[in-house]
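Asks: Take a look and give me a structure for this.
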Amino acid sequence: MKHIKKLTSLLLALILSGSLFCTGAAAGSIDITAVEASYSAGTVYITGTTQPDILAVAVQVYADETPLRLETAGVTDGAFATAIAITLTPGTYTVRAANYEGGEYLEAVFTVTTPPSDGAVTQGSSAYTAEVSDGSSLTVNLDMDTNNASVALDTITGGLADGDTIIVTLPAIPGADAYTGSLPLSALSGTSTGSLTMNTGIGSITVPGNMLSGTGLTGRSAEITICTGDKEELPDDIKEAIGDKPLIRITLSVDSILTDWNNPDAPVTISVPYTPSEEELLNPESIVIWYVDGSGNVVTVPNGHYDAVTGTVVFSTIHFSDYAVAFYPVNFNDVAAEAWYYKPVRFIAARNITEGTGGGNFSPEAKLTRGEFIVLMMRAYGLEPDISPVDNFSDAGNTYYTGYLSAAKRLGITAGVGNNMYAPDNQITRQEVFTLLYNALKGIDQVPQGDSGKTVLDFSDTALISTWAQEAMAIFVETGTVGGSDGKLNPTGTSTRAEMAQVLYNLMGKLS
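Replies: Now for the predicted structure:
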């Protein structure tokens with residue numbers, strides 16, 4: 001395997017150096033249509049566009065004609081992006097990008113003007129600075145004993161109460177395997193709609209201004225840390241499954257005391273830089289995030305996904321712990337690779353939203369029931385079932401959907417079909433699907449955004465939409481979640497299991 005990796009790296013280098021393929025624009029069409037590069041805080045950021053049908057791009061950073069770093073970036077809808085952590089001295093550098101299967105390269109030039117630290121720092125020194133989105137800078141201190149780089153954020157967090165978006169970018173510091181931002185606990189305890197993002201060489205974390213509101217936590221200072229996790233603490237099977245993929249740990253300390261945090265009303269967003277393998281680039285729907293609990297058990301985070309534009313795996317969470325990038329492809333006997341629903345089904349299966357219908361099958365063409373739908377939807381958005389239902393629907397029974405129906409009723413997602421009944425075995429209609437989805441997403445503040453340029457009036461069967469479904473259908477049409485077919489929305493038509501997988505994929509995948 002090591003020899004194969006070395007050969008692959010050599011071939012990619014030769015592609016970019018022009019030794020294997022044409023280098024002149026006149027020699028043929030260029031697969032790469034645009035490439036841009038910039039350098040900030042120890043990282044080269046590369047973005048670009050390609051011709052259709054390009055799967056991945058090989059990119060290499062050069063100093064004069066000396067290659068410094070080689071990476072591959074996945075392509076989604078003709079766009080690619082990657083971030084390469086590398087310390088560069090002042091000067092001019094070149095990035096070359098080419099189809100990873102071979103072809104001509106396109107290049108971009110960028111300049112480094114700020115000299116990096118030479119690494120000769122002592123504990124508590126201020127050799128590093130963090131850049132703030134308002135144009136200011138902050139001192140970063142490196143503790144040589146703990147390899148923790150810390151920055152005090154108290155002078156810039158006043159704007160959180162006003163709804164400001166604050167971004168702090170720390171440099172990639174040699175030897176640092178933890179980054180901590182400290183700020184007044186009160187800055188995160190109000191009702192602010194603002195947010196604070198801390199970008200580091202390990203990953204980025206975005207916390208809302210109300211992160212600690214309602215948690216009952218008191219104190220003067222909150223310290224948020226993102227660091228490299230210790231894989232040696234994991235069970236052997238989990239360690240083997242993760243392999244060399246990133247494992248990160250997120251913690252909160254209050255007045256320097258490690259403290260548990262859990263707040264369903266204020267999810268935190270985390271992104272981890274990641275370069276997929278060739279197989280993963282072809283199957284990005286199977287790139288997931290695993291939450292690793294204190295006992296070494298893993299739980300898939302449903303909203304985790306690979307973002308090809310930023311070159312990161314992104315997820316949101318309501319509690320801090322260890323999180324790992326993983327590749328978890330799931331196949332079903334009755335889901336062919338050429339089927340239109342192949343990737344959507346694999347997407348929800350990789351996240352344990354569905355386990356299929358038994359016998360290694362998914363039953364994509366089977367009609368979706370109301371009971372099946374409520375379970376799939378709530379699993380997708382991390383809405384837990386009630387363990388001991390006290391006020392359930394009279395027809396909830398004692399089966400796989402019982403606890404989910406109780407929770408859905410309690411959360412106001414559904415009032416049922418009347419007479420305290422839900423009709424779980426009935427086939428679900430499209431307008432029922434989108435109404436229940438809308439109710440759930442409103443409750444967790446995740447109603448889709450965007451403007452498709454269309455309204456329900458653009459479809460010929462708008463009159464068939466029931467009064468109780470009109471608001472939900474309108475929102476999903478306007479945001480492009482629902483596209484209709486042949487000029488119709490078919491609100492009273494039933495849905496298949498494959499169609500439901502596609503809806504969740506559209507809402508959650510965000511792979512473009």
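Asks: Run the chain-centre distance for stretch 496-505.
Replies: 20 Å (C-alpha atoms, centre = their mean, to the nearest Å).
Asks: which residues touch it?
Replies: With C-beta atoms under 8 Å, 6 or more residues apart in numbering as the test, stretch 496-505 has contacts from 285, 339-341, 343-345, 347-348, 353-354, 357, 362-368, 372-373, 376-377, 380, 433, 437, 481. No exception for glycine: its C-beta is placed from N, CA and C like everyone else's.
Asks: Equivalent analysis for stretch 212-227, please.
Replies: In contact with stretch 212-227 (C-beta under 8 Å, 6+ apart) are residues 148, 150, 177-185, 187-191, 198, 200, 202-203, 205, 207, 248-256, 259, 261-263, 265-266, 270.
Asks: Quick check: mean pLDDT of it?
Replies: The pLDDT scores in stretch 212-227 average 94.
Asks: so how far is the first residue of that stretch from its last?
Replies: With C-alpha to C-alpha, to the nearest Å as the measure, stretch 212-227 spans 21 Å from end to end.
Asks: starting at the chain centroid, how far to that stretch?
Replies: Using C-alpha atoms, centre = their mean, the offset of stretch 212-227 from its chain centre is 24 Å.
Asks: Could you do stretch 59-71 as well?
Replies: For stretch 59-71, the distance to the chain centre is 28 Å (C-alpha atoms, centre = their mean).
Asks: average pLDDT across that stretch?
Replies: For stretch 59-71, mean pLDDT is 84.
Asks: Can you give me the first-to-last residue distance of that stretch?
Replies: 5 Å.
Asks: Name the nearest residue to Val482, ignoring sequence neighbours.
Replies: Phe476 (4.3 Å; C-beta to C-beta, 6 or more residues apart in numbering).
Asks: Any regions of the stretch 1-150 of the chain where pLDDT drops low?
Replies: 1-29, 41, 114-127 (pLDDT under 70).
Asks: What ranges does it have for its strands?
Replies: Here the stretch 1-150 of the chain has its strands, by DSSP state E, counting those that start in this stretch, at 32-40, 43-50, 56-63, 66-76, 79-85, 91-99, 106-112, 128-132, 137-143, 148-152.
Asks: Can you redo these as a markdown table, where the extra columns are distance to Val301 and mean neighbour count?
Replies: Formatted as a markdown table, the strands of the stretch 1-150 of the chain follow (distance: least, C-beta to C-beta, whole Å; neighbours: other C-beta atoms under 10 Å):
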| stretch | distance to Val301 | mean neighbour count |
| --- | --- | --- |
| strand 32-40 | 28 | 17 |
| strand 43-50 | 25 | 21 |
| strand 56-63 | 25 | 23 |
| strand 66-76 | 20 | 18 |
| strand 79-85 | 21 | 21 |
| strand 91-99 | 31 | 21 |
| strand 106-112 | 34 | 16 |
| strand 128-132 | 28 | 20 |
| strand 137-143 | 29 | 18 |
| strand 148-152 | 26 | 21 |
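Asks: Just tell me which of those strands ends up closest to Phe332.
Replies: Checking those against Phe332 by C-beta to C-beta gives strand 66-76 as the closest, at 23.8 Å.
Asks: from the middle of its chain, how far away would the closest one be?
Replies: With C-alpha atoms, centre = their mean, you get 21 Å for strand 66-76.
Asks: What pairs with it, parallel or antiparallel?
Replies: Strand pairing for strand 66-76, determined by DSSP bridges: strand 56-63 (antiparallel), strand 79-85 (antiparallel).
Asks: May I see those strands arranged in TSV, with distance to Asn331 as well?
Replies: Converted to TSV, the strands paired with strand 66-76 look like this (distance: least, C-beta to C-beta, whole Å):
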stretch	distance to Asn331
strand 56-63	22
strand 79-85	27
